[in-house]
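J.: Fold the following.
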Amino acid sequence: METTPSAETFESAFPGRYWHGLDDGRVQCDLCPRFCKLHDGQRGLCFVRACAGGEIVLTTYGRSSGFCIDPIEKKPLDHFLPGTPVLSFGTAGCNLTCKFCQNWDISKSREFDKLQDLATPEMIADAAVKSGCRSVAVTYNDPTIFLEYAVDVAEACKARAVKAVAVTAGYISPEPRVEFFNHMDAANVDLKAFSEDFYKRLCSTELAPVLETLIYLKHETAVWFEITTLLIPGENDSEGEIEEMTQWVVEHLGPDVPMHFSAFHPDWKMMDIPATPFSTLSMARRIALKNGVRYAYTGNVHDFEGESTYCHSCGEMLIGRDWYQLSTWALSADGHCQKCGTACAGIFDGPPGTWGPKRQRVILR
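T.: The predicted structure follows:
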């Protein structure tokens, strides 16, 4: 945990939820399973939740590391309003310590002056409407650590008929988990591996709470969610681990939850690890399909076959994709195969969007 911040840091902090006082005068943050125990003036490991005046506060409410309009497929969400733009933003900090973090400049940031000074939930929702975005995504760093801000953004979006999307590692305690996902329409959960050793050694966390989040999403909510696993050579890419992971997904979540197997590139504290070979991604997708996952994808590569969606009944290509560019479209307006009539799992609303692979920065005024 971080200690002795300046008093000014907490001047405009937002009252946090999910904490309780301890007998020794410290305050315990109950948002995630780390349960950071803080003296007054200390920050938790996430760096954005702190103890001030005997309570937990959120120090990044209303401040963002920047806004971009992305294709929804970049989250990645392939079965949620395909082809449409999503307004994406994050803040700073993270409650995981992944040595392979691909967004480390944001998630590990300690320079709050880089954050935009003002980005109210209403401003974000209005920006989504003005830019033609069907949804807003809390992403880049894990949104669970800024739950209060994320929930308020989702509420403001709902009032303007804009969907809310979360991109998260799913490392959150049961009670806040309910509130957080109650406000989300879709999510991509980063299932980083399928071993406790990986989570402990490379992320300083645990696998079990993440699996609990996935089971909760499937059986207790109406949130559309998909799973992403970044395959790191020599760490989580063995056939045995992928067999075990995909079998668990089908058994506990069912066959309709899409799984994305993405290519790792050397970053942050794992610069000595080579990029993921294409053959590894193909192997993972093949194992997933064999084990009953109906929608398995390769990611971070150009792979038309591995990125496209197929009817699990007749094998017809339903959505053709190359990176984030859609081509083939063989779905009815409500998401049924035009050839055999079988439903494709997901959230579809008429014809696909035409946003494509472009990325556009947005400045809120």
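J.: Okay, helices next: where are they in the stretch 251-365 of the chain?
T.: Counting by DSSP state H, counting those that start in this stretch, the stretch 251-365 of the chain has helices at residues 278-290, 304-307.
J.: Distance of the most centrally placed residue in the chain relative to residue 102?
T.: Most central in the chain under Cα atoms, centre = their mean is residue 167, positioned 1.5 Å from the mean C-alpha point. Between residue 167 and residue 102 the computed distance is 12 Å (Cβ to Cβ, to the nearest Å). C-beta: built from backbone N, CA, C; applies to glycine.
J.: what touches both of those two?
T.: Between them, residue 167 and residue 102 have no joint contacts when contacts are counted by Cβ atoms under 8 Å, 6 or more residues apart in numbering.
J.: Give me the average confidence score over stretch 73-82.
T.: In this model, stretch 73-82 has an average pLDDT of 97.
J.: How about stretch 101-112?
T.: 57.
J.: quick revisit: for the residue nearest to the centre of the chain, name its beta-bridge partners.
T.: residue 188 (DSSP bridges).
J.: Not counting its neighbours along the chain, what's nearest residue 180?
T.: Counting by Cβ to Cβ, 6 or more residues apart in numbering, residue 180 lies nearest to residue 147, which is 5.4 Å off, once chain neighbours are set aside.
J.: Count the neighbours of that neighbour for me.
T.: Look at residue 147: counted by other Cβ atoms under 10 Å, it has 23 neighbours.
J.: which helices and strands does the helix or strand it falls within pack with?
T.: If you go by DSSP states H and E, residue 147 is part of helix 147-158. When contacts are defined as 3 or more Cβ pairs under 8 Å, 6 or more residues apart in numbering; DSSP states H and E, helix 147-158 packs onto strand 14-15, strand 55-58, helix 121-130, strand 135-138, strand 163-168, helix 174-182.
J.: For that helix, buried residues please.
T.: Within helix 147-158, the residues scored as buried using 16 or more other Cβ atoms under 10 Å are 147, 148, 149, 150, 151, 152, 153, 154, 156, 157.
J.: I'd like the mean pLDDT over that helix, please.
T.: 98.
J.: next one: it to chain centre, how far?
T.: Remark: helix 147-158 is offset 15 Å from the chain centroid, using Cα atoms, centre = their mean, to the nearest Å.
J.: ok, now stretch 23-33?
T.: A distance of 25 Å separates the centroid of the chain from that of stretch 23-33, by Cα atoms, centre = their mean.
J.: what's that stretch in contact with?
T.: Contacts of stretch 23-33 (Cβ under 8 Å, 6+ apart): 16-22, 35-40, 44, 46, 49, 51, 54-56, 95, 144-145, 147, 171-173, 175-176, 205-206, 209.
J.: Ok, stretch 341-349 next?
T.: 78-82, 185-186, 224, 256, 258, 294-295, 309, 311-314, 318, 331, 333-337.
J.: Need the phi and psi values for residue 186.
T.: Main-chain torsions, residue 186, degrees, to the nearest 10: phi -150, psi 160.
J.: correction: residue 363
T.: According to degrees, to the nearest 10, residue 363 has phi -110, psi 120.
J.: burial measure for it, as a count.
T.: Around residue 363 there are 8 residues (other Cβ under 10 Å).
J.: gap between it and residue 78?
T.: 29 Å.
J.: between the helices and strands packed on helix 147-158, which gets nearest to residue 263?
T.: For the helices and strands packed on helix 147-158, proximity to residue 263 was assessed by Cβ to Cβ; strand 163-168 is nearest, at 17.4 Å.
J.: what's that closest one packed up against?
T.: Checking 3+ Cβ pairs under 8 Å, 6+ apart, strand 163-168 ends up next to strand 135-138, helix 147-158, strand 186-190.
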